[in-house]
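[1] Sequence first, then the predicted structure, then my questions.
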Amino acid sequence: MKNSILTTVVLMAIALTFSSCDKDDSPDDKNIKRYNVESGIITYSTTVSGKVLETVTAGSGTDLLYFKNWGALELANEERTETSVTTIPFTGQVIRDSKSIHNTVKIDNEMIYSVDYDAKKIFTQKEPLIEFMRLNDYDALEAGKKMLESLGGIQLDNEEFNGYDCEVWSVLGSKQWIYKGITLKIITTLAGITITKEATDIKFDVSVSDDYFKLPNFPTTPING
């Protein structure tokens, strides 16, 4: 089945707007600090549920996030299965469709790499937050706030999640719990489908091997040509 690369890239871009970086970060720095945690390995549990017209969708999976150098280098790997059951009106015929989704997105300083396992390609693009910083002479914190506001984002009261005091933001049909720039929980509802992803195992300030950031040996294709 075709992977949801576009969806993953969009969600990643939204998550980047919450980066909580130091004020003295410079847009010219090749290792811009995205998080206020030096390194981490986080496991997430994902559930999918909802109904659109006569189709009921359910799914589950596991995501892994690795990062080091304050988020200048990170890799997110998503694997889940989804099943859709459609009941045809009048006839009562039931059509069942199952698919597997596997996405990998890597950020290496200024570049984003999105792996399409079906096409066996890696799509690349420059990280939009840094471009926005340079165009407007913002640091990462200013750029993140401005991008969030432009999307209609609203900051809610802080909430605790798994023992961490998180900022809570609502934007584009999603609600995110963010700790020091890192999203620990996100609930997104779009067209009747709700995807909930929440951290189940969190390890901060640990050694993260370079092996975790390796990508498949696929050809690369720039998204913008």
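    It's in.
[2] What are the boundaries of the helices in the protein?
    Per DSSP state H, the chain carries helices over the ranges 5-16, 128-136, 140-150.
[3] Would you single out the least confident of those?
    Among the helices of the chain, helix 5-16 carries the lowest mean pLDDT, a mean of 40.
[4] Could you list the low-pLDDT ranges of the protein?
    Within the chain, the stretches with pLDDT under 70 are 1-31, 139-142, 144, 225.
[5] okay, now the residue lying closest to residue 64 once chain neighbours are set aside: neighbour count?
    Spatial nearest neighbour of residue 64, excluding adjacent residues (C-beta to C-beta, 6 or more residues apart in numbering): residue 77 at 4.8 Å. For every residue, glycine as well, the C-beta is placed using N, CA and C. Close neighbours of residue 77, defined as other C-beta atoms under 10 Å, add up to 16.
[6] tally of neighbours for residue 113?
    By other C-beta under 10 Å, the residues close to residue 113 number 18.
[7] Distance check, it against residue 121.
    11 Å (C-beta to C-beta, to the nearest Å).
[8] One more: residue 207?
    Relative to residue 121, residue 207 is positioned 31 Å away (C-beta to C-beta).
[9] Equivalent analysis for residue 81, please.
    23 Å.
[10] Now do the shared contacts for residue 113 and residue 121.
    residue 220 (C-beta atoms under 8 Å, 6 or more residues apart in numbering).
[11] so who does residue 67 touch?
    Residues in contact with residue 67, defined by C-beta under 8 Å, 6+ apart, are 34, 35, 39, 40, 73, 74, 75, 182, 208.
[12] Identify the bridge partners of it.
    residue 40, residue 74 (DSSP bridges).
[13] now residue 123
    With DSSP bridges as the criterion, residue 123 is bridged to residue 114, residue 221.
[14] those strands in this protein, which residues are they?
    Along the chain, the segments classed as strands by DSSP state E run 40-52, 55-68, 73-87, 94-108, 111-116, 121-126, 154-161, 164-171, 174-179, 182-190, 193-204, 220-222.
[15] What I need now is these written out in TSV, including distance to residue 134 for each item.
    Below are these laid out as TSV (distance: least, C-beta to C-beta, whole Å):
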stretch	distance to residue 134
strand 40-52	27
strand 55-68	22
strand 73-87	20
strand 94-108	17
strand 111-116	15
strand 121-126	10
strand 154-161	25
strand 164-171	23
strand 174-179	24
strand 182-190	24
strand 193-204	30
strand 220-222	19
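[16] Go through those and name the closest to residue 137.
    Set against residue 137 and scored by C-beta to C-beta, the strands of the chain come closest in strand 121-126, at 17.5 Å.
[17] tally of neighbours for residue 48?
    21.
[18] And residue 32, by the same measure?
    By the criterion of other C-beta under 10 Å, residue 32 has 25 neighbours.
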